[in-house]
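In: With the sequence up front, the predicted model follows.
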Amino acid sequence: MTPANPAPQRVTVVGIGADGWPGLPEVSREALRGAGAVIGGPRQLDLLPPECAGERVPWPSPLRPAVPGLLARYEGRPVAVLASGDPMFYGIGRTLVETVGADALHVLPHPSSVSYACARLGRPVEETEVVTLVGRPADRLAAALHHGRHVLVLSAGADTPAEVAKLLTERGFGPSRLTVLERLGAQDETSYEGVAETWTHAPGDPLNVIAVDCRRAPDALRLGAAPGLPDDAYDNDGQLTKRHVRAATLAALAPAPGELLWDIGGGSGSIGIEWMRTHPSCRAYAVERDAERAARIERNAARLGVPGLTVVTGPAPRALAELPSPDAVFIGGGLTAPGLLDACWAALAPGGRLVANTVTLESEALLAAWYRSHGGELVKLSVAHAVPVGGFTGWRQAMPVTQWSVTKTGVGQA
């Protein structure tokens, strides 16, 4: 008798390296020999010998929406998915888990290209930062560039080394040394190196990993890892949360890995950008009604290594209606727009944070009213800079900024 709730079909996910069939352990070979269908990329499928007699099925494009239907097509037959290296490290494993669930998978990993690269270079894996450019813009590498650091770049193809060398040179890291490791683990494995600003190598094998030894040019602007980047790091028209206030604002927003920010009244995008720079998994939406400023935010985000920042062009609160729920909200402009604070407060779940800055008396009065009814912390931030006064030095006071920060503790917070 057929059970009322049969167990879901199990799919075996097999990692394979550039060394192909000879590099697989017997348990992986057995899974591939016994599969009625083997699904994978053309390059991986071509590595299988004739003894793997199952139907070979190349992934369709786009891949993700096709996964459930493709697996359902082979219901009742042993199915194997062939993946490059470790399927759970920037591989197909994540997509499969998200679409069919971890319980439906049996994963047999192979050493990743990162493990191979660190072994060849003599570097501890846990101390090596990894940036993937597979299906992602090269600009995201910029956030990982710090003098003296070692970065491994997972390449998108044969042209990626030259693209990385160009980006490094444009971002002030032209003296950095690049080592390109091709076909790691294969018998014909090879490598070559050079300096980013004088890179002349022709494109090589598309299966490569790039090791970057970061060296900042002496005249390049230094960008630290903490919030409060120099104001000169941003292209702006004056609509910029200045460095010291920005650092205090990010401290109040308290970003944590995986969290989402609404940056309302984006201006130059500095708050959203530095929120995302705190951790690769942080996300942000910058809402800016002016189209020219919105385009400027996108350029700033790309240059500073967070091209994934999403810019929404339109007025708040109307532009907020379709956005995913935030973990934190920053309001840097438009505070007096009818319904803005109400909409932001309603969008926050308990535990969410709201921070609002203003320099006008009208907005300050509004923040004071919300402070009285919702609590939190109301502070005034004053910054003065030393400037020449004749033959002496004096202080020039910037406009003081009133900041309200609050954590939502419940629906009826008083």
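Out: That came through, no problem. Numbers count the residues shown, from 1 in each chain.
In: Which residue lies nearest the spatial centre of this structure?
Out: Pro280 (4.3 Å; CA atoms, centre = their mean).
In: From what I see, Ile16 and Pro25 are in contact.
Out: No - between Ile16 and Pro25 there is no contact under CB atoms under 8 Å: 10.8 Å. To be clear about C-beta, it is placed using only N, CA and C from the backbone, and glycine gets the same treatment.
In: which of those two has more neighbours?
Out: The residue with more neighbours, out of Ile16 and Pro25, is Ile16; 25 against 10, by other CB atoms under 10 Å.
In: what about Asp19, how many residues close to it?
Out: For Asp19, the neighbour count with other CB under 10 Å is 19.
In: that's a helix at it, yeah?
Out: No - assessed with DSSP: H, G, I helix; E, B strand; the rest coil, Asp19 is coil; it does not lie in a helix.
In: Distance-wise, check it relative to Arg283.
Out: 37 Å (CB to CB, to the nearest Å).
In: now the nearest residue to the residue nearest to the centre of the chain once chain neighbours are set aside, what's its secondary structure?
Out: Spatial nearest neighbour of Pro280, chain neighbours left out: Ala143 (7.6 Å); criterion: CB to CB, 6 or more residues apart in numbering. At Ala143, secondary structure determined by three-state DSSP is helix.
In: swap in Val287?
Out: Assignment for Val287 (three-state DSSP): strand.
In: mind listing what it touches?
Out: Trp262, Asp263, Ile264, Gly265, Gly266, Val312, Gly314, Ala316, Ala319, Leu320, Leu323 (CB atoms under 8 Å, 6 or more residues apart in numbering).
In: Quick one: list the elements packing against the host helix or strand of the first one.
Out: Read that as Trp262. Taking DSSP states H and E as the criterion, Trp262 maps to strand 260-264. Judged by 3 or more CB pairs under 8 Å, 6 or more residues apart in numbering; DSSP states H and E, strand 260-264 is in contact with helix 270-277, strand 283-288, strand 328-331, helix 340-347.
In: one more time with 7 Å
Out: Counting contacts by 3 or more CB pairs under 7 Å, 6 or more residues apart in numbering; DSSP states H and E, strand 260-264 is packed against helix 270-277, strand 283-288, strand 328-331.
In: mind listing what's buried in it?
Out: Neighbour-count burial for strand 260-264, counted by 16 or more other CB atoms under 10 Å, picks out Leu260, Leu261, Trp262, Asp263, Ile264.
In: Over to stretch 210-227?
Out: So, applying 16+ other CB under 10 Å, buried residues of stretch 210-227: Ile210, Ala211, Val212, Asp213, Cys214, Arg215, Arg216, Ala217, Leu223, Pro227.
In: so the last one sits right up against Leu250, yeah?
Out: Spelled out, it's Pro227. Yes - taking contacts as CB atoms under 7 Å, Pro227 lies within contact range of Leu250: 3.6 Å.
In: Give the residues shared as contacts by those two.
Out: Shared contacts of Pro227 and Leu250, defined by CB atoms under 7 Å, 6 or more residues apart in numbering, are found at Glu274.
In: quick revisit: what strand or helix carries the residue nearest to the centre of the chain?
Out: Judged by DSSP H and E, Pro280 forms part of no helix or strand.
In: Output the below-cut-off pLDDT ranges for this protein.
Out: For the chain, applying pLDDT under 70 flags the ranges 1-9, 410-414.
In: Quick one: end-to-end length of stretch 353-363, please.
Out: Taking CA to CA, to the nearest Å as the measure, stretch 353-363 stretches 19 Å from start to finish.
In: Much appreciated, bye for now.
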